[in-house]
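In: here you go, sequence then predicted model.
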Amino acid sequence: MDLQNQQRVKDAAEKFGPENVVVVLGSSDPEGAEIYAETVTNGDPTFAGPLAGVSLGLAVYHVFEQEIKEEADPSIWEEQIGMMEMVLDTEALAEAVKKIREQYSKYSL
């Protein structure tokens with residue numbers, strides 16, 4: 001997660017309260033999704049950005065998790081995400097984020 005996005009997440013958590021912020025990731029590889037999820041829950045693991053050492057505990061989900069898909073308009077989902085759902089390992093992506101959420105998140109949907 002780049003430094004600007006880390007700052008945006010931090011600012012949103014400060015402005016709205018971490019209990020009111022949900023981060024939805026769309027990473028296409030499980031390792032990246034895991035790192036991004038860790039960054040917004042436990043802090044930047046590279047200690048390079050605004051979230052270095054900042055444990056926000058935010059609720060974090062991958063867009064392919066059922067809880068997120070259920071909230072989407074089916075026609076928009078199909079138009080915007082359907083193709084990626086067919087070519088990516090959606091289970092591995094969802095599991096990578098779920099693992100981090102269960103370990104570090106203080107909040108959920």
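Out: Everything's here; your move. Numbering: from 1, shown residues only.
In: neighbours of the nearest residue to Ser105 once chain neighbours are set aside, just the number please.
Out: Leaving aside its chain neighbours, Ser105 sits nearest to Thr41 (5.1 Å; criterion: CB to CB, 6 or more residues apart in numbering). (C-beta placed from N, C-alpha, C; glycine too.) Neighbourhood size, Thr41 [other CB atoms under 10 Å]: 25.
In: what's the residue lying farthest from the centre of the chain sitting at in phi/psi?
Out: What lies farthest from the middle of the chain is Ser75; by CA atoms, centre = their mean that is 22.8 Å. Backbone torsions for Ser75, taken as degrees, to the nearest 10, come to phi -70, psi -40.
In: could you check how far it is from Leu109?
Out: To Leu109, Ser75 is 22 Å away according to CB to CB, to the nearest Å.
In: same deal with Ala37?
Out: As judged by CB to CB, Ala37 and Leu109 stand 15 Å apart.
In: which of the two has more neighbours?
Out: Counted by other CB under 10 Å, Ala37 and Leu109 do not tie: Ala37 has more neighbours, with 27 against 9.
In: which stretch of helix or strand covers the nearest residue to that one once chain neighbours are set aside?
Out: Distances taken as CB to CB, 6+ apart place Ile100 nearest to Ala37, at 3.8 Å, with adjacent residues excluded. Assigned by DSSP states H and E, Ile100 belongs to helix 90-104.
In: just for the protein, where's the confidence low?
Out: Low-confidence segments of the chain (pLDDT under 70): none present.
In: show me where it has its helices.
Out: Under the criterion DSSP state H, the chain contains helices at 3-16, 30-41, 66-69, 74-80, 82-87, 90-104.
In: would you turn those into TSV with distance to Ala48?
Out: Compiled in TSV, these are given as follows (distance: least, CB to CB, whole Å):
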stretch	distance to Ala48
helix 3-16	7
helix 30-41	10
helix 66-69	28
helix 74-80	31
helix 82-87	28
helix 90-104	18
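In: deepest-packed of these, please.
Out: Mean neighbours per residue, mean count of other CB atoms under 10 Å, is largest over these for helix 30-41, with a mean of 22.
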